[in-house]
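Novice: need a 3D model of the following:
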Amino acid sequence: MHYLQSKKLYIFDMDGTIYLGSRVFPFAVDFISALRREGKKILFFTNNASHSPEHYMNKLTRLGLNPSREELLTSGDVTIRYLNCHRAGKKVFLVGTPELCEQFIAGNVQLSEEADIVVTSFDTTLTYEKLRIACQLIHNGAEYLCTHPDFNCPVENGFIPDSGSIAALVTASTGVTPQYFGKPHKEAVNAICDITEVNTKDMVIFGDRLYTDIAFGKRHGITSVLVLTGETKQPDVESDSADYVFPSLLEVHELWDK
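Specialist: The predicted model follows:
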């Protein structure tokens, strides 16, 4: 625990780590509250871009976590930052929820069906027409980006198809693999370093997915803690899966106080 306690920034995945659907893990609230009392920096980072940052702010506040806007990051935020920095002025066709579309527009990204770039995401309002337009644009030469690679989103009664599953469909049709944002990709760590001004060696990430949360840590020198309250279960765990593995944040907190 002394090694974890020496960190400056504590990054928490949300779905499957601190809550499932509308059900918060009380021990997660207790642990994060304890970190705040010790003056630690907190960042809630979700790949789930189907909702706006405002939605997550309200949800986390309702669940007792009370974040500031600076403590929240989504893969949608990371994608918008990239577009503004590297593709400024380019038109985008977005396969995403109305909330994500509003977030892109508020972030000065111009949305159009006659676009230079296609961005797909976790779209719970997905239609065949959206897929048709996206694939046609990519076939005609549009650049293909995707907010995050997660195949499934954990919910209270199981899993539902996520952004990576939609991207796999588009790739099957077009033969084009997108550039991904969010965890575990470098654009996400660049955004976190810029926002928090903390070096990666002073960060720790808590998450439930091996190929996003834990891979994010392993790729970028961030200490990783796997919890088994979401997608990853005990049979999936190997000796080098993560720096630390716990059943939940409850056990982390219990050892923290000893």
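
Novice: now do the helices in the stretch 1-150 of the chain.
Specialist: Assigned by DSSP state H, counting those that start in this stretch, the helices in the stretch 1-150 of the chain fall at 2-5, 26-37, 53-62, 75-86, 98-106, 128-139.

Novice: spell out for me which residue occupies the centre of this protein.
Specialist: N47 (1.8 Å; C-alpha atoms, centre = their mean).

Novice: if I look at that one, how far off is R23?
Specialist: From N47 across to R23, the span is 19 Å (C-beta to C-beta, to the nearest Å). Every C-beta, even on glycine, is put in place using the N, C-alpha and C of the backbone.

Novice: over to S75?
Specialist: Computed with C-beta to C-beta, the distance linking S75 and R23 is 23 Å.

Novice: quick one, which of the two is more surrounded?
Specialist: S75 (30 against 10; other C-beta atoms under 10 Å).

Novice: got the contact list for the more buried one?
Specialist: 46-49, 121, 147-148, 163, 181-183, 188 (C-beta atoms under 8 Å, 6 or more residues apart in numbering).

Novice: in strands only, show me those residues.
Specialist: Counting by DSSP state E, these place T46 in strands.

Novice: wait, which of the contacts of S75 is closest to G39?
Specialist: Closest approach to G39 among the contacts of S75 (C-beta to C-beta): T46, at 24.0 Å.

Novice: can you pull the contacts of the closest one?
Specialist: Going by C-beta under 8 Å, 6+ apart, T46 touches 13-15, 56, 73-75.

Novice: go again with 7 Å.
Specialist: By C-beta atoms under 7 Å, 6 or more residues apart in numbering, the contact list for T46 reads 13-15, 56, 74.

Novice: for I138, same thing?
Specialist: Contacts for I138 (C-beta under 7 Å, 6+ apart) come out as 118, 144, 170, 174, 176.

Novice: repeat the analysis, applying 6 Å as the threshold.
Specialist: Applying C-beta atoms under 6 Å, 6 or more residues apart in numbering to I138 gives the contacts 118, 144, 174, 176.

Novice: can you count the residues close to L65?
Specialist: Every residue meeting other C-beta under 10 Å relative to L65 is counted, giving 24.

Novice: of the contacts of I138, which is the most crowded?
Specialist: When neighbours are counted by other C-beta under 10 Å, V118 leads those with 24 neighbours.

Novice: show me where pLDDT drops low in this structure?
Specialist: Judged by pLDDT under 70, the chain has no weakly predicted residues.

Novice: so it: which segments form each domain?
Specialist: 2-75+183-256, 86-180 (automatic domain parsing).

Novice: can you give me the end-to-end distance of the first one?
Specialist: Terminal residues of domain 2-75+183-256 are spaced 8 Å apart (C-alpha to C-alpha, to the nearest Å).

Novice: go on, stretch 47-54?
Specialist: Terminal residues of stretch 47-54 lie 15 Å apart, using C-alpha to C-alpha.

Novice: check which residues of that stretch are buried.
Specialist: Buried residues in stretch 47-54, counted by 16 or more other C-beta atoms under 10 Å: 47-53.

Novice: and if you look at stretch 4-19?
Specialist: 4, 7, 9-19.

Novice: and if you look at stretch 28-42?
Specialist: Those would be 28-29, 31-32, 35, 41-42, for stretch 28-42 by 16+ other C-beta under 10 Å.
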